[in-house]
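Participant: Here's my sequence, what's the structure:
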Amino acid sequence: MRPRAAFISALAIVGVLAAFSLADNWSQFRGPHLDGVVTDAKLPLEWWRERQILWKITLPGIGWSQPIVWGERVFVTTAIADKQAKPNAANKGPGLSGYTDFLSRGKVAIPPPPDKYQWKLICLDAATGKTLWEKVVREGRPTMTIHANNTYASETPVTDGERVIAYFGMTGVYCYDLAGELLWTRELGTQKMQFGWGTGSSPVLFGDCVYIQCDNDESSFLVALDKKTGQDVWRKGRDEKSNWATPYIWRNKLRTELVTAGGKQMRSYDPKSGELLWSMNGNGRTATTPVGNDELLFVDSADRLTGLGGNLVAVRPGGSGDFSLAEKQTSSDQVAWTVPIKGGRLASPALCQEFVYTVEQGGGVVRCLDAKTGTEHYRKRLPEAAGLTSSPIVMGDKIYCTDQNCKTFVIQAGKELQVLATNDLGEFCWSSAAVAGDTLLIRTVDHLFAIGAK
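Facilitator: Alright, predicted model coming up:
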């Protein structure tokens, strides 16, 4: 390479690294605070395939786990098999295993695929997308079936800057240092999931513990693992069936709580001891992670069988015991408001200014509610949007919503729907986006894109 060309190339890489260093490390699902909120960053409003794509790489295998970022490194997980079928937009139902299990009323056991898989943790250079190292954490046959649009690597890893912990549902937990050396592993067992749909709840890192919510159809539990050893700090059984929501650390004005969305009940625990602080009835099942602020927590659950309907509930801090609402009751001393909502929801709600936003899996519908009162300002379809399964990103007064065709709609916060930009990458996408400085990382079924100012 000529000296001038090498100098220009070096400057470009330095510029990208500077962009990656501006914001908090995106250390777990939905970012450092599990809420999808971006601070001290300027994400681009518009992009397309040739403009503002800093890099694009082909990822091996398939996974819906979100990338995470620490410093100049990006971590991503995947599952690889020669004959593995790719998720696609046509698979709208529960998949072959789900239909078979439902029609047989559970009398037909559906075996996992016979194919040999590799589960991998991959470390990338944030500036270029180049692979720095990759580790095969496990090889063998899966222990469970999955939904046709699920993957065997749907759980997002976590990192504290010293170690990165990858959780692959019922395939196990694997901890590495940032140089790729194995520190410890754990097996959490294999349990039956509803309709053979597989798992999706990501681990949460807080203090010295990694929290894993394992809700299934046999023996649900919540466990706190020591991040340095992988051993149990505490474990609590849960009277729950299959759920797919990630736990949430709620830092409110009175205390810090570990909140788990649930089908039977929403529950809050003391993160240090696992003591149950409060509970309230849910609607059947949930795949959406709660979100909150100093004053309110917003939890969502849906019908057990269909995943439709249900309620979005705003909970005040400081509660104790069971404060479930009576029939037709919509508020109480501990519940600020309850709003019935339609549509299926996989994406988690988002808070932006005085508004709470939910998005729907079918039809590309976004809903805007008043965070204090629950008043609905609008429920509208984004123009030409497909289903919304990725959880939104919030930057200042803007909300980024990515549909399953990888169109990202940038919405202005407010009482009326205002779409500022629509950006189309034209690939199938269920993964939630991640943020590294002023750069947006979007994972599709085939690629990982880094999007920002060149």
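Participant: Residue 176 contacts residue 158, correct?
Facilitator: No: here residue 176 lies out of contact with residue 158, judged by C-beta atoms under 8 Å, at a distance of 11.7 Å. Just so you know, the C-beta spots here come from the backbone N, C-alpha and C atoms, and that holds for glycine as well.
Participant: since we're on residue 90, how many residues are nearby?
Facilitator: 9 (other C-beta atoms under 10 Å).
Participant: and it, helix, strand or coil?
Facilitator: Following DSSP: H, G, I helix; E, B strand; the rest coil, residue 90 is assigned to coil.
Participant: distance of it from residue 152?
Facilitator: Distance, residue 90 to residue 152, using C-beta to C-beta, to the nearest Å: 20 Å.
Participant: Could you do residue 239 as well?
Facilitator: Distance of residue 239 to residue 152, computed by C-beta to C-beta: 28 Å.
Participant: if you count what's nearby, which of the two comes out ahead?
Facilitator: Between residue 239 and residue 152, residue 152 has the larger neighbour count (other C-beta under 10 Å), namely 29 against 11.
Participant: residue contacts, that one?
Facilitator: 62-63, 79, 117, 119, 142, 146, 168-169, 171, 198 (C-beta atoms under 8 Å, 6 or more residues apart in numbering).
Participant: any idea of the pLDDT on it?
Facilitator: Looking at residue 152, its pLDDT reads 97.
Participant: go on, the one 5 residues further on?
Facilitator: Predicted confidence (pLDDT) for residue 157: 98.
Participant: Report the secondary structure state of the residue nearest to it when sequence neighbours are not counted.
Facilitator: For residue 157, ignoring the flanking residues on the chain, the nearest one in space by C-beta to C-beta, 6 or more residues apart in numbering is residue 166 at 4.3 Å. Put simply, residue 166 is strand when judged by three-state DSSP.
Participant: How many residues are close by residue 166?
Facilitator: That count, for residue 166 with other C-beta under 10 Å as the rule, works out to 29.
Participant: again with residue 419
Facilitator: For residue 419, the neighbour count with other C-beta under 10 Å is 15.
Participant: low-confidence ranges in the stretch 51-200 of the chain?
Facilitator: Applying pLDDT under 70 to the stretch 51-200 of the chain flags residues 92-109.
Participant: Point me to the helix or strand that includes the residue lying closest to residue 91 once chain neighbours are set aside.
Facilitator: In space, residue 91 comes closest to residue 148 once its chain neighbours are excluded; the distance is 3.9 Å by C-beta to C-beta, 6+ apart. Element membership for residue 148 (DSSP states H and E) is empty, with no helix or strand holding it.
Participant: Pretty sure residue 148 sits against residue 89.
Facilitator: No: between residue 148 and residue 89 there is no contact under C-beta under 8 Å: 11.0 Å.
Participant: So for those two, which residue has more residues nearby?
Facilitator: Neighbours per residue (other C-beta under 10 Å) separate residue 148 from residue 89, with residue 148 holding more: 19 against 14.
Participant: Could you measure from the more buried one over to residue 62?
Facilitator: Distance of residue 148 to residue 62, computed by C-beta to C-beta: 12 Å.
Participant: Quickly list what's touching both of the two.
Facilitator: Residues touching both residue 148 and residue 62 (C-beta under 8 Å, 6+ apart): residue 87.
Participant: with the contacts of residue 152 in mind, which one is nearest to residue 442?
Facilitator: Set against residue 442, the nearest of the contacts of residue 152 by C-beta to C-beta is residue 63 (13.6 Å).
Participant: For that closest one, which non-adjacent residue is spatially closest?
Facilitator: Leaving aside its sequence neighbours, residue 63 sits nearest to residue 153 (C-beta to C-beta, 6+ apart; 3.2 Å).
Participant: Would you agree that neighbour is in contact with residue 78?
Facilitator: Yes: with contacts counted by C-beta under 8 Å, residue 153 reaches residue 78, the gap being 5.0 Å.
Participant: Pick out whichever of the two has more residues nearby.
Facilitator: Remark: of residue 153 and residue 78, residue 153 carries more neighbours, 26 against 22, as counted by other C-beta under 10 Å.
Participant: Let me see the contact set for that one.
Facilitator: 61-65, 77-79, 119, 168.
Participant: I'd say residue 197 and residue 241 touch.
Facilitator: No: using C-beta under 8 Å, residue 197 makes no contact with residue 241, being 11.8 Å away.
Participant: out of the two, which sits in the more crowded spot?
Facilitator: residue 197 (22 against 19).
Participant: Compute the first-to-last residue distance for stretch 205-215.
Facilitator: Start and end residues of stretch 205-215 are separated by 18 Å (C-alpha to C-alpha, to the nearest Å).
Participant: in it, what's buried?
Facilitator: Buried residues in stretch 205-215, counted by 16 or more other C-beta atoms under 10 Å: 205-206, 209-215.
Participant: Repeat that for stretch 392-412.
Facilitator: Here stretch 392-412 shows 392-395, 398-411 as buried, counting by 16+ other C-beta under 10 Å.
Participant: Just the ones of those in helices?
Facilitator: Members of the buried residues of stretch 392-412 lying in helices (criterion: DSSP state H): none.
Participant: all helices for the stretch 201-350 of the chain, in order.
Facilitator: In the stretch 201-350 of the chain, no segments count as helices under DSSP state H, counting those that start in this stretch.
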